[in-house]
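Q: Okay, here's the prediction I keep looking at, along with the sequence it came from:
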Amino acid sequence: MPHELKPENLIRTGAITGLDVSPDGKQIVFGSTVSGVSQIYLLPIDGGEPRQITQSSEASTIPKWSPRGDLIAYLQDIGGDENYQIYVVSPDSGEPRDVTGAPGYLHENYAWAWDGSKVTYVSNRDGQFDVYYSEVPGGRVHRVTNHPAVHHSPQFSPDGTRIAFGSNRTQYRSNWDTFVISIDTGEERQVTRHEGEADEMSYYANQLPRWSPDGCRILVASSVPGNYDVFSIDVETLEQEAIADTRWDEGNAQWSPDGSHVAYVSNEDGNDVLYVKDLASGRAWPVSQKEGVSGAIGMRGKGGDYRWTPDGKYLVYSHAGPTEAGSIWIVAGEGGEPRCLYSTLPAEIDRADLVRPSLVHYPSTDGLQISAFLYRPQDAQRPGPAIVLPHGGPTGQTMNIFNPTVQYLVSRGYTVMAPNFRGSTGYGRDFQWMNKNDWGGGDLQDVVAAAEWLKEQGIADRVGITGGSYGGYMTMTAVTKYPDRWDAAVAIFPMVDLETSYTGARHDMRQFQERNIGTPEENPQLYYERSPINFVENIRCPVLILQGERDARCRLSEVESMVRRADECGIKLELVVYGHEGHGFAHLDHRLDSLRRIAAFFDQHLAKVLVGV
């Protein structure tokens, strides 16, 4: 018989927040949330126990080893405010050093120069999001671009004279191209060419471009074919060669050290599989697990990653699956059995008690087929309580990955269904753009249809909803637009007022909203109709809101306004605010408290029979 999982064990699992391999190939540096807020660790590549090298109360993420081997760089913010600074620290000893020196401004998407003398990054330190680089050591800052469009993912050429980056120089708001700029002359050249609106730098994951070791070609992910395919582009002739062009979305491509192979990640209906391609023969083969997420990095460069070892013989990659929390694996580039070097899954958790989801497809209200992961209790009795879990983004995706909240709820008898509604990544450009100028429209219909499908299939007799970020927006929109469909709701750092979300946002977030739904002046009716705060009087079910005090994306002030407006209507919304937290809860005590609160709330308002109480 399965056992109810203990929340204190589940919250001790950690995500991998970036990894890299030392220039001598002997050590792996990685970020992990296993101790609460993400910290930086070293792990021998032959295996052993990790050694923590940062000791901060603030999150430290996305470590990258200097090509010289003497320093490790990483990102750090304060209380989740997303104003990341770039620090460097010796892998042996010493105090971390800030090389950006601009508190209160964001620095991200960073990369070392190939000789270890500089770090390039994107920052809003002068107002707009431009490309910069800092000298290491010394910290002298150089501005490389000066353009109002947001920039992404700068990468130094091997000779250090140029930087490749992604940006938009067209009238199309959702267009992205790859550019190369000389750091001496400022001469800028566009290396991707297409008609109309497309993405040729893989914006949604901030993963590319990447220079070849000889500095002649750049890898990009392009949505021009209809889904994201990986191409190699000659920087001089602009000739394009397809590297990966299957029916799935591919990205995060990386050259082998000698340039003879390219590795890339294929998104196969919610599973990220790591592949290697031999450029001479054209043959490609998978090297990682088929189930789960391997070698992928998430939105804004957060998440795991992978690296070739310096000799080009192996790949070291992050992995997580439904029964595996954040972990690090190694596999031969030619394929074979991957070997786990480190896992954050506590010994107290029996994998036999964890549930693998089934992949289901169901029709939305207009007949569009929607993919979803369905988690059923191992001893499920039909029908019973179920919870719909919309993901964040909206240009995001529910992946086949370890989710402590889902596993805890399922162990307590709940069915959980996580749909990849229209607007999700992973299913091609057309599907990803289906909710442009339609937030809270067709995508909400997909979420509502998931609840109806659960009842039609005889799986659920009562349905709740929960989600974070855009999933929190979906939750609040669902209970205000379709109040009779839901028996309980938990919204986690939700967006509730599209207008104030736009007017109070920083530059990159404002441009993101413009790309998706225009401005409040352009679409005033849409902004009003799709803001949950304007329809709070419709709420009929109990609602719990969990919010970070310092959230820079979905701000506390907006949630507090909605709670006050609900109170004026005689509706009680329960609000819990976690101090010194941003867009996601980093501290172990807050993660534990939020997990317990979510379960207790659904136990009280959704379940007829309490499990394990």
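A: Cool, the structure landed. Keep in mind the model is a prediction, meaning the values are calculated, not measured. Numbers count the residues shown, from 1 in each chain.

Q: Do me a favour and average the pLDDT over stretch 567-587.
A: Regarding stretch 567-587, the rounded mean pLDDT is 93.

Q: Endpoint to endpoint, that stretch covers what distance?
A: End-to-end distance for stretch 567-587, by Cα to Cα, to the nearest Å: 30 Å.

Q: Now that stretch: buried residues?
A: By neighbour count with 16 or more other Cβ atoms under 10 Å, stretch 567-587 contains the buried residues 573, 575, 578, 580-587. Where you see a C-beta, it was placed from the backbone N, CA and C, and this is true even at glycine.

Q: and what of stretch 92-99?
A: By 16+ other Cβ under 10 Å, the buried positions in stretch 92-99 come out as 96-97, 99.

Q: would you turn the buried residues of stretch 567-587 into CSV with distance to Cys340?
A: CSV is the format used below for the buried residues of stretch 567-587 (distance: Cβ to Cβ, whole Å):
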residue, distance to Cys340
Leu573, 44
Leu575, 41
Tyr578, 33
His580, 34
Glu581, 31
Gly582, 31
His583, 30
Gly584, 26
Phe585, 27
Ala586, 25
His587, 27
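
Q: Let's have those residues in CSV, adding secondary structure and distance to Val150.
A: Formatted as CSV, the buried residues of stretch 567-587 follow (DSSP: H, G, I helix; E, B strand; the rest coil; distance: Cβ to Cβ, whole Å):
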residue, secondary structure, distance to Val150
Leu573, coil, 34
Leu575, strand, 32
Tyr578, strand, 29
His580, coil, 28
Glu581, coil, 26
Gly582, strand, 20
His583, coil, 18
Gly584, strand, 22
Phe585, coil, 27
Ala586, coil, 25
His587, coil, 30
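
Q: Going by distance to Met509, which of these wins?
A: His583 (10.7 Å; Cβ to Cβ).

Q: any idea how far Pro63 is from the closest one?
A: 21 Å (Cβ to Cβ, to the nearest Å).

Q: got it, and Val191?
A: When Val191 is compared with Pro63 (using Cβ to Cβ), they lie 29 Å apart.

Q: Those two: which has the busier surroundings?
A: Pro63 (28 against 21; other Cβ atoms under 10 Å).

Q: what does the helix or strand in which the more buried one is found contact?
A: Per DSSP states H and E: Pro63 is located in strand 60-65. Residues from elsewhere that reach strand 60-65 (Cβ atoms under 8 Å, 6 or more residues apart in numbering): 17-23, 29-31, 37-40, 54, 71-76, 87, 91, 110-112, 301-302.

Q: now the residues you listed: which count as buried?
A: In those, burial by neighbour count holds for 17-22, 29-31, 37-40, 54, 71-76, 87, 91, 110-112, 301-302, counting by 16+ other Cβ under 10 Å.

Q: so of those residues, which ones are in strands?
A: Of the buried ones among the contacts of strand 60-65, the ones assigned to strands by DSSP state E are 17-21, 29-31, 39-40, 72-76, 87, 110-112.

Q: and Val89, what is it in contact with?
A: By Cβ under 8 Å, 6+ apart, the contact set of Val89 is 40, 53-54, 71-72, 74, 95-97.

Q: Now do it against Pro346, distance only.
A: To Pro346, Val89 is 28 Å away according to Cβ to Cβ.

Q: which stretches of the chain have low pLDDT?
A: Under the criterion pLDDT under 70, the flagged ranges of the chain are 1-2, 202-207, 298-303, 608-613.

Q: By residue count, tell me the biggest helix in it.
A: Secondary structure of the chain per DSSP state H: the longest helix is helix 588-605.

Q: From the contact counts, what lies against that one?
A: helix 7-10, helix 404-411, strand 460-469, strand 488-494, strand 543-548, strand 574-578 (3 or more Cβ pairs under 8 Å, 6 or more residues apart in numbering; DSSP states H and E).

Q: run the last query once more with 6 Å
A: helix 7-10, strand 488-494 (3 or more Cβ pairs under 6 Å, 6 or more residues apart in numbering; DSSP states H and E).

Q: Switch these over to a markdown table; also include distance to Val331.
A: Putting these into a markdown table (distance: least, Cβ to Cβ, whole Å) gives the following:
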| stretch | distance to Val331 |
| --- | --- |
| helix 7-10 | 28 |
| strand 488-494 | 35 |
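
Q: Which of the ones you listed sits closest to Glu529?
A: Once these are compared by Cβ to Cβ, strand 488-494 is nearest, at 17.0 Å.

Q: could you check the angle helix 588-605 makes with that closest one?
A: The directions of strand 488-494 and helix 588-605 differ by 150 degrees, with axes from the mean of the first three to the mean of the last three Cα atoms, to 10 degrees as the criterion.

Q: Other residues contacting strand 488-494?
A: 464-466, 468-469, 472-473, 475-476, 479, 541-548, 551, 554, 598, 601-602, 605-606 (Cβ atoms under 6 Å, 6 or more residues apart in numbering).

Q: mind listing what that strand pairs with, with the direction of each?
A: Strand 488-494 sits in its sheet next to strand 460-469 (parallel), strand 543-548 (parallel), going by DSSP bridges.

Q: And the next helix or strand after it, how far out from the chain middle?
A: Once strand 488-494 ends, the next helix or strand along the chain (criterion: DSSP H and E) is helix 498-503. Computed by Cα atoms, centre = their mean, to the nearest Å, the separation of helix 498-503 from the middle of its chain amounts to 22 Å.

Q: taking the helices and strands packed on helix 588-605 together, which one is wrapped up most tightly?
A: strand 488-494 (a mean of 27; mean count of other Cβ atoms under 10 Å).

Q: May I have that one exported as CSV, CA atoms only?
A: Output of strand 488-494 as CSV, limited to C-alpha atoms (Å, rounded to 0.1, in the frame of the first residue of the first chain):
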residue,chain,number,x,y,z
ALA,A,488,-12.0,25.5,-3.9
ALA,A,489,-9.0,27.5,-5.2
VAL,A,490,-5.4,28.3,-4.1
ALA,A,491,-3.8,31.1,-6.1
ILE,A,492,0.0,31.4,-5.6
PHE,A,493,1.5,34.8,-6.4
PRO,A,494,-1.2,35.6,-8.9
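
Q: can you state the direction angle for that strand and helix 404-411?
A: Using the same axes, to 10 degrees: strand 488-494 against helix 404-411 is 170 degrees.

Q: And the contacts of the longest helix of the chain?
A: 7, 11, 36, 464, 488, 490, 542, 544, 546, 578, 581, 585, 610.

Q: Need the residues you listed in JSON lines (columns: distance to Ser157).
A: Formatted as JSON lines, the contacts of helix 588-605 follow (distance: Cβ to Cβ, whole Å):
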{"residue": "Pro7", "distance to Ser157": "49"}
{"residue": "Ile11", "distance to Ser157": "43"}
{"residue": "Gly36", "distance to Ser157": "39"}
{"residue": "Gly464", "distance to Ser157": "52"}
{"residue": "Ala488", "distance to Ser157": "54"}
{"residue": "Val490", "distance to Ser157": "48"}
{"residue": "Pro542", "distance to Ser157": "57"}
{"residue": "Leu544", "distance to Ser157": "51"}
{"residue": "Leu546", "distance to Ser157": "45"}
{"residue": "Tyr578", "distance to Ser157": "43"}
{"residue": "Glu581", "distance to Ser157": "39"}
{"residue": "Phe585", "distance to Ser157": "40"}
{"residue": "Leu610", "distance to Ser157": "61"}
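
Q: This completes my enquiry, with thanks.
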